[in-house]
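K.L.:
The following block contains a protein sequence and its predicted model.
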Amino acid sequence: MLDLVLLALLFWLVWRKRAAPRRSAPRTGQASPRSVVTVRCQTCGLHLPRDEAVTGADGGWYCCREHAQEGRNATR
Ligand SMILES: [Zn+2]
């Protein structure tokens with residue numbers, strides 16, 4: 001009777017492994033964030049990590065201070 005349980009458990013583990021999505025690939029060893037938040041430059045539309053982005057006077061995100069100033073001026 002116990003064999004049946006073990007067998008079922010084994011099948012369940014294999015099935016679970018196959019059914020698991022592939023996106024859970026990143027290694028846990030690295031101290032990298034789970035997901036890098038990217039923002040879009042309001043001036044040139046460049047996507048870049050939020051850590052490297054510059055916040056404009058209007059609260060928008062920019063890739064550099066120059067674009068932050070341009071964006072501020074370009075808003076009419
Ligand atoms: Zn830009």
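P.N.:
Sure, I can see it.

K.L.:
Only C-alpha atoms from now on, for both contacts and neighbour counts.
P.N.:
OK.

K.L.:
does Trp12 belong to a helix or a strand, and which?
P.N.:
Assigned by DSSP states H and E, Trp12 falls within helix 2-19.

K.L.:
Can you tell me what sits against the following helix or strand past that helix?
P.N.:
For helix 2-19, the following helix or strand on the C-terminal side (DSSP H and E) is strand 38-40. Contact with strand 38-40 is made by Leu46, His47, Leu48, Pro49, Arg50, Ala53, Trp61, Tyr62, Cys63, as judged by C-alpha atoms under 8 Å, 6 or more residues apart in numbering.

K.L.:
Mark which of these are buried, thanks.
P.N.:
Taking 16 or more other C-alpha atoms under 10 Å as the criterion, what is buried in these is His47, Leu48, Arg50, Ala53, Trp61, Tyr62, Cys63.

K.L.:
show me which of those neighbour the ion.
P.N.:
For the ion, the contacts drawn from the buried ones among the contacts of strand 38-40 by C-alpha under 5 Å from the ion are Cys63.

K.L.:
And the average pLDDT for stretch 64-72 is what?
P.N.:
If you average the pLDDT over stretch 64-72, you get 88.

K.L.:
of the contacts of strand 38-40, closest to the ion?
P.N.:
Cys63 (4.4 Å; C-alpha to the ion).

K.L.:
what sits against the closest residue to Gly60 other than its chain neighbours?
P.N.:
Nearest non-adjacent residue to Gly60, counting by C-alpha to C-alpha, 6 or more residues apart in numbering: Gln42, 6.6 Å away. The contact partners of Gln42, by C-alpha under 8 Å, 6+ apart, come to Gly60, Trp61, Tyr62, His67, Ala68, Gly71.
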